[in-house]
Each structure stands twice: as C-alpha cells, then as structure tokens.
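>>> Take this sequence and fold it.
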Amino acid sequence: MEEWLERAREDFPYLNGRIYLNSAGAGLAWRGQTAAASRYYDGAARMGADGQLLWEEQGARTRERVARLLEVPFEDVGFYRNTSEVINLAANSIVWQAGDEVVVAKDDFPSVQWPWLKAEQAGGKVIRVDPVAEDLREQQLLEALSPRTRVLAVSHVHTVTGTRLDLARLGRACREVGALLVVDGIQAIGAFALDLGYVDVYASSVFKWLLSGFGVGIGVFRERARAMLTPAYRGYRNAPPSSALQYADPSYPGLYVLDATLEYLEQIGWPVIYERVDRLAGRVVDAVAEAGITQVTPVIGRAGIVTIRVGDPVGCADRLRERAIHVVEKFGLVRISPHFYNTSEEIDRFAEALTTDVHSAMHSG
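Numbers count the residues shown, from 1 in each chain. Have a look, this model is predicted:
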C-alpha cells in the first residue's frame, strides 16, 4: 500500500477491520471534521452573534472552493439544505403554462421525479420515460424532448444502476428546444471530474462522495437558468428585485466541515481521487465478469457505482456484511461503490467472498 494511502486510511476509523463499499450510500467521516465543527461552535460560544462576520467569511471561502472544484463562477454557487431543496426550488421558480412538458426517467430518484407536480397543476405534463435498457437510457430521454419541453431532469449517475449520462449531449439537445437541463449530481460530485458547461441547474448534497455529512446542499444555478427563473422563495438574502435563488443563510457549521473536507481532499489531489475511484470500480467490473455474474451498470458509461444482479440480493448483502464487507441491496440488485480510501486488496477480498457466496447459493438451490 502506498504510504500516503496508509496515512489517509488512518483518518477513517470505520475502515478498521471492515471493507466499506457503500460510499454511494454515505461517505465515511474523517477525523478532522470534529475540529472543523468545533471551530464554529467554539466561536459562537465566545462571540455570540458578533461572530456572524466570521461565519459569512467562512461561507464565502467555502463557496469559492466549491466553485473551483466545479469550474463555475462564484456567483453560480449557493448553499441549501439538500439536493431535493435545490431541485424543488428550480421547479417552483418556473412560471408554468398549459402544454408545458417535463421529461424524467420513470425509475429516477424521487427528488428528480416529483418536484414537477406544479407543472401538471398548471395544465402541463410530466413525461416519464421507461428505459428498456441501461445503454439506451440516454437516447430514450433525448427522443422524448420536443418543442414543448421546458425541463429535462436527470440524475448524472443513476443511484441504483450506476449509469452515467453525458450532460454535454443532453444539454445541447435541451438548448435546441429551449429547455432547462436540471441535474441531480449527488452520485457524481467528488467521484469524477465534472463538466457543467451545458448544465443549467446542478444539485447535490455533500454526504456521499464529498464525505461531508448531512444538512448542506450545493445548488449551482447557471446564468441561463437564472435568466429563466423567478425565485419562488423570498427572504433576507434575496429580497425583491433580486433574482438570486438563495433566500436564507446556510448551515454555517456544515460549511466549516465541508470546507475542511474539501481542503483535505485537495491535498490528496482530485486527479488522484478520481483515478482511484475509476480504477477500483474497474477492478470490481473485472471481478464480476470473471465470476460470471450479471452486471447491470454499463461498462461504458459508469462512474463509481457498479451494480450487479444475483439470485438472492438481500441475503447476499447480509452475508457479506456478516464478513465485515459493506455493500447494499437496492431494488433487487446489489450495489458496490468503492472510494479512494479503499484498496485493491479489499476489492479482491470482496470479489472472493462474493464469488463464494453466489456459487454456494447456486449449489444449495
């Protein structure tokens, strides 16, 4: 094991004696987050409301760090409570008309599917595309677009199947029909490098691949989106005539933690992290293929998630957990999601345990 990785693994105590392959569920906390949160609360204890300027300065630093990570302008970035709030904010900030259409995948995450009910109430229609195969998901979404489409809402990486969409391709198609591309990026941000050049709204919480806990969401509203939206919620951060979408202060304790974690990950190096996530997921793909197990996630068009089909997915995940190997069952499938803190040896041990379990189940059946 490389020396830097050995040191980094010491920052994640949950890894002691366990193989954790569920970062797509929730990324692990690292030791430095306790001190980061304490900086906020210690300051509040000493200064009370007089510390507000310091909190706002911390918020600005965190916003700058996120903007650098996503390679978007500072003014495009805002902080909210979670992914769902950002997408609902976008949905409720559109002035809907009869005949408007929204395109979503029928099996997408609820926060992608359900914020668009207001469009239906106004006489519009939500078109729910039913993907017939993962390698056709993107094409079917494109084929559902029309001149009536106001929004295409997608998950950048599907939370169950792990399918990764080409946002540039989708975004260009949206611009041809005058639609907004709204993206749930929670399974993407922190797992691989992003290109938001053709994205209008990008939403993500920070508790998965960004390892930063619950209570903070990142909302990226690009200039094109801001020009087409009328803020649904108003507050002291966006009183009229402001067109800003952020309406209240964010969770400053959460931003202290997020900033410290992003700095920690920057020190490791984003290219290193992205390369490791890709390589470890690739090792899972190879192991699954060698064992003759059906893979649901496309080989081309995946990110950090690899999802497989086995005969007894719930039992398989439970039995692996009994051996301190943490994967998860989702909708009758088994999902594996390694992060940079995992090792090749852990993937090999997982593969051996999985193969043994599947073969045992086949013989006992």
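>>> Do you know the pLDDT at residue 359?
Note on residue 359: pLDDT of 71.
>>> contacting residues around residue 80?
For residue 80, the contacting residues are 86, 89, 216, 217, 218, 219, 246, 250, by Cβ atoms under 8 Å, 6 or more residues apart in numbering. For every residue, glycine as well, the C-beta is placed using N, CA and C.
>>> Equivalent analysis for residue 85, please.
By Cβ under 8 Å, 6+ apart, the residues touching residue 85 are 217, 219.
>>> Over to residue 313?
329, 332, 333, 334.
>>> mind running it again at 10 Å?
307, 327, 328, 329, 330, 331, 332, 333, 334, 335 (Cβ atoms under 10 Å, 6 or more residues apart in numbering).
>>> and those residues as a markdown table, adding pLDDT and neighbour count?
Putting the contacts of residue 313 into a markdown table (pLDDT from 0 to 100; neighbours: other Cβ atoms under 10 Å) gives the following:
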| residue | pLDDT | neighbour count |
| --- | --- | --- |
| 307 | 98 | 28 |
| 327 | 98 | 28 |
| 328 | 98 | 18 |
| 329 | 98 | 16 |
| 330 | 96 | 17 |
| 331 | 95 | 11 |
| 332 | 97 | 10 |
| 333 | 97 | 19 |
| 334 | 98 | 24 |
| 335 | 98 | 25 |
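>>> on that earlier part again, pick out whichever of the contacts of residue 80 sits closest to residue 7.
residue 216 (26.7 Å; Cβ to Cβ).
>>> What about that closest one? Give its phi and psi, please.
phi -130, psi 130 (degrees, to the nearest 10).
>>> Just give the closest residue to it, not the sequence neighbours.
Among residues not flanking residue 216 along the chain, residue 254 sits closest, at 3.8 Å (Cβ to Cβ, 6 or more residues apart in numbering).
>>> In helices, which of the contacts of residue 313 fall?
Counted as lying in helices by DSSP state H, out of the contacts of residue 313, is not a single one.
>>> Adding distance to residue 207, write those out as TSV.
Output for these, formatted as TSV (distance: Cβ to Cβ, whole Å):
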residue	distance to residue 207
307	20
327	18
328	15
329	20
330	17
331	21
332	25
333	22
334	21
335	16
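>>> what about the strands in the chain?
Using DSSP state E, the strands of the chain run over residues 19-20, 77-80, 101-105, 125-129, 149-155, 180-184, 201-205, 217-221, 294-295, 306-309, 325-326, 328-330, 333-336.
>>> quick one: the first one to chain centroid distance?
Yep, that's strand 19-20 we're talking about. Distance of strand 19-20 from the chain centroid (Cα atoms, centre = their mean, to the nearest Å) equals 20 Å.
>>> Run me through the strand neighbours of that strand, direction for each.
Partner strands and pairing direction for strand 19-20 (DSSP bridges) are strand 325-326 (parallel).
>>> Output the below-cut-off pLDDT ranges for this protein.
For the chain, residues meeting the criterion pLDDT under 70 lie at 361-365.
>>> Helices of that one, residue ranges please.
3-9, 32-47, 52-70, 83-92, 110-113, 117-121, 137-143, 167-177, 223-228, 252-268, 270-290, 313-322, 344-364.
>>> Of those helices, which is nearest residue 196?
Here helix 52-70 is closest among the helices of the chain (Cβ to Cβ), at 6.0 Å.
>>> Off-centre distance for stretch 328-346?
Its chain's C-alpha centre and that of stretch 328-346 lie 15 Å apart, by Cα atoms, centre = their mean.
>>> swap in stretch 1-15?
Distance, centroid of stretch 1-15 to centroid of chain: 24 Å (Cα atoms, centre = their mean).
>>> Quick check on the contacts of residue 80: which are buried?
Among the contacts of residue 80, those classed as buried by 16 or more other Cβ atoms under 10 Å are 86, 89, 216, 217, 218, 219, 246, 250.
>>> Please tell me how far residue 240 sits from residue 224.
Applying Cβ to Cβ, to the nearest Å, the value for residue 240 to residue 224 is 22 Å.
>>> typo on my end, it should be residue 202
12 Å.
>>> tell me, what's touching these two both at once?
Common neighbours of residue 202 and residue 224, using Cβ under 10 Å, 6+ apart, are residue 181.
>>> Between these two, which has more neighbouring residues?
A side-by-side neighbour count of residue 202 and residue 224, using other Cβ atoms under 10 Å, places residue 202 first with 29 against 17.
>>> which ones are touching the residue nearest to that one when sequence neighbours are not counted?
Leaving aside its sequence neighbours, residue 202 sits nearest to residue 220 (Cβ to Cβ, 6+ apart; 4.0 Å). Residues near residue 220 by Cβ under 10 Å, 6+ apart: 66-67, 70, 72-73, 76-78, 86, 183, 185, 189, 194, 196, 199-204.
>>> likewise residue 317?
Applying Cβ under 10 Å, 6+ apart, the residues contacting residue 317 are 22, 310, 325-330, 333-336, 357.
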